[in-house]
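Peer 1: Take a look and give me a structure for this.
(2 chains)
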Amino acid sequence: MAQLVLDRVVKSFGKTPVVNEFSLEVPAGSFVALLGPSGCGKTTLLRMLAGFEQVDQGTIQVDGRLLAGNNLHVSPEQRNMSMVFQSYALWPHMNVMDNVGYALKLKGVKGEDYRQQVMQALDTVNLSHLAERAPQDLSGGQRQRVALARCLVSHPDVVLLDEPLANLDQHLRASMEETFREFHRRTRATFVYVTHDQAEAMALADRIAVMNHGRLEQWDTPEQLYQYPQNTWVARFIGQGSVLHVHRHTDNRLLSGPEVMQLLSSSLGSTRQAILVRPEHVRVVENGIEVKVLSRVFKGERYKYTARLQDGQELGFFHPARLELERKVCVQVKQAWGLLD
Amino acid sequence: MSHPQLSSLRNPSRHWWVLGLLFIIFLVNVLPSLRLLGEALADIVAGEKSSFWKVLRSSATWQATWHSLYTSVLATLLALVLGAGLAFFIALTNIRGKSFWVFMFMLPMMIPPQVTALSWLQLMGPGSALLQLLGIAPALGSRQPLYSDWGIALLMGIQHAPLVFLSVRTNLLVLPKELVEAARLSGASQYRIMLDMIFPLCKNGILAGAAIAFVSALGNFGIPAMLGIPASYYVLPTLIYQKMADFGPLMLNEVSSLSVIVGAIAMVGVWVQHRFQSKMPLLGMPGKPLAFDLGTSRLGCEVGLGLIITLILVLPVLALVASSLVPAIGVPLRHDNISFSAYAYMLAGQGVTWRAFENSMFLSLSAAFILAFLALPLAYVIVRRPRRLYSFLLMLVDVPYALPGVVLAIACILLFAKPIPIFQITLYGSLGIILFAYLSRFLTVSFKPVHASMLQFDGALEEAAQLCGASMVRRWRDIIFPLLAPAAFAGFLLVFMIAVNELTVSALLWSAGNETLGVLVFNLEDGGETVLASAISVLIVMMIALLMLVLGILGRNLPKGVIPWRS
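Peer 2: Next up is the predicted model:
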């Protein structure tokens, strides 16, 4: 359990900055996600935390101890962190037991003590019956759990997870998410989880750091992030809302239904400001703003529609009934969120 | 996610071992060629009277150059027809027992050229024990038909056909099946698919294979030495050898000029090969290889393939066995006069035969061992810390292997003719100079498998160990070495297999007491001891077949590209 502090961290490959003036304070024992599109620098940031990449500028501290920066670089083997890799990184020439116990072996733990600790770690991921197997003989989900047990055994301060579910199928993901949550409760270590999948990040993390082009866009709880995105980019990236342009200042404020209806029905003025309308806040009604249905996707319990407003902007909404394409319907917006830019 | 760099490697205090490694590579791989080049340049600058201009004016030089080009081009054409044809046949059809055919067809490449030459000499000509056994031998005193330019070209063509075969087959195996299926859905017949899809797509593989076959034929010493010298038909490598054999180090200036000429022609070939090889499409791995249905003609095709193998491999080896069992050359082999005296003499553990065997074992085992330990860190540095300098280095590692062996031998003589400064050790005339030449020539053989294995080594495996608290030394011991060891062992066996029969380099570097197995076969045949030479050759062929089987079994658990004939 440790507090992580990143202060204005900069990293460039050649002349391209990959991580740019990135600052973050991760509370001890929390589960945080680094979320962003591919190439946003989240993996590089994780590798800097582990010590595989050096920091160009800025500092990284754990519980007040400097790990990187100011011409200091603590090597990965001395950071007391562990990592779950996307490729699992299980050593093919060792069996499950030796994979899990390698860190103990390096610390000089031997005999019954070694065996007991390894089996305990394997027990927590329900794999003690496979201790003698080779990693190649395990399924993807089992390999991931071995990798987790390997993290567990060395009692790390910080556990780093690099897109650990990317290679698993949909069904396994849900059960692995549960395993991660359980694992976090048990170890009480600080978890940093890198992913490009927002559903995964929201399901697991206490707090999410949204990254884009090496910068921190927003640092918030999943709920805050969804409801109150700080800017247009985050609003477009998280969820499936529509970002609409209106002609009045609405800075970071929740807009009521009548207010939004009034903004949308009047024509565009000179000032352009963006608002975020979530599809669940749009209803098809008898009297409202007239829109033309553009596309329809069947989602099982309902349909997801895209429709065009009279000024040409597009709005997404859900509706339980089938509407014909090109048909004109009236909609009402219950609320919207005013965006900064 | 790729992990191109590891942090600990960037720590400047750990750079010393990388620098040390690069220095050794420079010493062993680059210095000899530089020395030869320096010698030639100094000579050219020296003007009209220098040996370079003298060599250029000599008619023997131009005649040998013409012979070299003529036999090499003919051999390349034969290798192309044989190698590419069989590659298409084995890689693209539903023929049975593919790995058996590949193995049988690879054997001629691994059998040393002097043994190939000897076995063909035993197959044809008046002295052939096999032909006498069948009663169809030409009359005694008639000419051996292989002592000619056509004989040289024929044998070199057969010997180097597997190189074309490998190049084309590699190209064919990565052809995506979908391309052919798409063509089929567009209505193309099998014939049109061959013509419009497969042929254009593996053009580069064919041309690269032809270039490498040409370079190998140009540098081949064993075959033109055994077939050409008796007929006074000299190619460049044998001309250099003859001059050195007749006049010794006095001719060093002249032969180094000749070496530069061969080296220059070979380098053009290597350049062409690299050009086409780099253009070979890497289109990914098809799930299932292509397999055109041969239908009812499949059995006929298999019989045909068997006949080809019989002709180019089985018959010569049988002739060799027959020659090793007769009491004396010229005596027909009968069931009542089979003699094992040659084998008994050889295994008696004394004399020059045993000494050559010991020398070759020592040289090839030491070279294979040292090279395996150079290849491991070299592959690691090149893959984990890619730099432009290293890709240049990678090219240089190839040079001593691509250069004709005679050229490398001359370069080594130039380098060690005088005692090494400071240490005052004379390597020339000792086993040391042969070992040095082997290290230089075979580094690439040992390096390739380890490199291929290292390229598929997930960097995360090492990083995971690092996070467990393993230091660099521990990571090498626990993770990197165990995972690269099988490939390093494959490289070890390959180097051993090639080095133990090496002739071209040793032919110029051996001295009394320092004979090698390759030189021995050559000298015995030269001295008329054909029965003994055949017996040794039979054992060599058996050893090679055995080692290839071991490598094949080992290769099942190795990544693609580690064993050259498995993919």
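
Peer 1: residues touching residue B:549, list them.
Peer 2: residue B:103 (C-beta atoms under 8 Å, 6 or more residues apart in numbering or on different chains). Backbone N, C-alpha and C define where each C-beta goes, glycine included.

Peer 1: actually residue B:468, sorry about that
Peer 2: Applying C-beta under 8 Å, 6+ apart to residue B:468 gives the contacts A:77, A:82, A:102, A:103, A:106, A:150, A:154.

Peer 1: Enumerate every residue touching the first one.
Peer 2: If I follow you right, that is residue A:77. Residue A:77 neighbours (C-beta under 8 Å, 6+ apart): B:466, B:467, B:468, B:469, B:470, B:471.

Peer 1: And the fifth one, how far from residue A:135?
Peer 2: When distance is defined by C-beta to C-beta, to the nearest Å, residue B:470 is 18 Å away from residue A:135.

Peer 1: now swap in the first one and tell me
Peer 2: Distance check for residue B:466 against residue A:135: by C-beta to C-beta, it reads 18 Å.

Peer 1: Give me the more crowded residue out of the two.
Peer 2: Taking other C-beta atoms under 10 Å in any protein chain shown, residue B:466 and residue A:135 do not tie; residue B:466 has more neighbours (26 against 21).

Peer 1: What residues sit buried inside the host helix or strand of residue B:69?
Peer 2: Applying DSSP states H and E as the criterion places residue B:69 in helix B:59-92. For helix B:59-92, burial by neighbour count (16 or more other C-beta atoms under 10 Å in any protein chain shown) applies to B:61, B:64-65, B:67-69, B:71-72, B:74-76, B:78-80, B:82-84, B:86-92.

Peer 1: Not counting the next helix or strand after that helix itself, show me its contacts.
Peer 2: Using DSSP H and E, the helix or strand that follows helix B:59-92 in sequence is helix B:98-110. The contact list for helix B:98-110 (C-beta under 8 Å, 6+ apart) reads B:86, B:90, B:95, B:116, B:158-163, B:165-166, B:169, B:305, B:309, B:312-313, B:497-498, B:544-545, B:548-549, B:552, B:565.

Peer 1: Same check on stretch B:371-390?
Peer 2: In contact with stretch B:371-390 (C-beta under 8 Å, 6+ apart) are residues B:4-6, B:9, B:17-18, B:21, B:24-25, B:393-394, B:439, B:442-443, B:445-447, B:450-451, B:453-455, B:457, B:459, B:480-481, B:484, B:488-489, B:491-492, B:495.

Peer 1: filter the residues you listed to the buried ones?
Peer 2: Buried, going by 16+ other C-beta under 10 Å: B:6, B:18, B:24-25, B:393, B:439, B:442-443, B:445-447, B:450-451, B:453-454, B:457, B:459, B:480, B:484, B:488-489, B:491-492, B:495, out of the contacts of stretch B:371-390.

Peer 1: Around chain B, pick out the residues from chain A.
Peer 2: For chain A, the contact set with chain B under C-beta under 8 Å from any C-beta of the partner chain comprises A:43, A:50-54, A:73, A:75-79, A:81-83, A:85-87, A:89-93, A:102-103, A:106-107, A:150, A:154, A:162.

Peer 1: just the buried members of the residues you listed?
Peer 2: A:43, A:50-53, A:73, A:75-77, A:79, A:81-83, A:85-87, A:89-91, A:93, A:102-103, A:106, A:150, A:154, A:162.

Peer 1: count of neighbours near residue B:243?
Peer 2: 18.

Peer 1: Any regions of the chain where pLDDT drops low?
Peer 2: Just going to use chain A. Residues of chain A that meet the criterion pLDDT under 70 lie in A:1, A:267-271, A:341.

Peer 1: let's do chain B instead
Peer 2: For chain B, the ranges with pLDDT under 70 are B:1-14, B:280-291, B:349, B:559-562, B:564-567.

Peer 1: Can you show me the strands along it?
Peer 2: For chain B, applying DSSP state E gives no strands.

Peer 1: Neighbours of the nearest residue to residue B:76 once chain neighbours are set aside, how many?
Peer 2: Excluding its sequence neighbours, the residue lying closest to residue B:76 (C-beta to C-beta, 6 or more residues apart in numbering or on different chains) is residue B:214, at 4.5 Å. Counted with other C-beta under 10 Å, residues neighbouring residue B:214 total 28.

Peer 1: I'd assumed residue B:492 was in contact with residue B:446.
Peer 2: Yes - if you go by C-beta atoms under 8 Å, residue B:446 and residue B:492 touch, sitting 6.9 Å apart.

Peer 1: Kindly provide the distance from the closest residue to residue A:79 other than its chain neighbours to residue B:123.
Peer 2: Of all residues not flanking residue A:79 in the chain, residue A:51 sits nearest, at 5.5 Å (C-beta to C-beta, 6+ apart). According to C-beta to C-beta, residue A:51 and residue B:123 sit 66 Å apart.

Peer 1: so which strand or helix has the closest residue to residue A:339 other than its chain neighbours?
Peer 2: Among residues not flanking residue A:339 along the chain, residue A:274 sits closest, at 4.3 Å (C-beta to C-beta, 6+ apart). Assigned by DSSP H and E, residue A:274 belongs to strand A:273-277.

Peer 1: Which elements pack onto that strand?
Peer 2: Applying 3 or more C-beta pairs under 8 Å, 6 or more residues apart in numbering or on different chains; DSSP states H and E, we find strand A:273-277 packed against helix A:232-237, strand A:242-246, helix A:257-265, strand A:335-338.

Peer 1: what's the most buried one of these?
Peer 2: Highest mean neighbour count of the helices and strands packed on strand A:273-277: strand A:335-338, a mean of 22 (counted as mean count of other C-beta atoms under 10 Å in any protein chain shown).

Peer 1: packing partners for that one?
Peer 2: Secondary elements touching strand A:335-338 (3+ C-beta pairs under 8 Å, 6+ apart): strand A:254-256, helix A:257-265, strand A:273-277.

Peer 1: Would you mind measuring from the residue located most distally from the centre of chain A to chain B?
Peer 2: Most distant residue from the mean C-alpha position of chain A: residue A:111, 40.7 Å away (C-alpha atoms, centre = their mean). Noted for residue A:111: a distance of 19 Å to chain B, by C-beta to the nearest C-beta, to the nearest Å.

Peer 1: just the helices in the stretch 251-400 of chain B please.
Peer 2: Ranges of helices in the stretch 251-400 of chain B, per DSSP state H, counting those that start in this stretch, are B:252-278, B:298-309, B:315-325, B:341-347, B:351-384, B:388-402.

Peer 1: can you tell which of these is closest to residue A:235?
Peer 2: helix B:351-384 (41.9 Å; C-beta to C-beta).

Peer 1: ok so, going back, highest average neighbour count across the helices of the stretch 251-400 of chain B?
Peer 2: Sort the helices of the stretch 251-400 of chain B by mean neighbour count, taking mean count of other C-beta under 10 Å, and helix B:315-325 sits at the top with a mean of 23.

Peer 1: circling back to that earlier point, of the contacts of residue B:468, closest to residue B:525?
Peer 2: The closest of the contacts of residue B:468, once distances to residue B:525 are taken by C-beta to C-beta, is residue A:102, at 57.6 Å.

Peer 1: Which helix or which strand is home to that closest one?
Peer 2: Secondary structure from DSSP H and E places residue A:102 in helix A:96-106.
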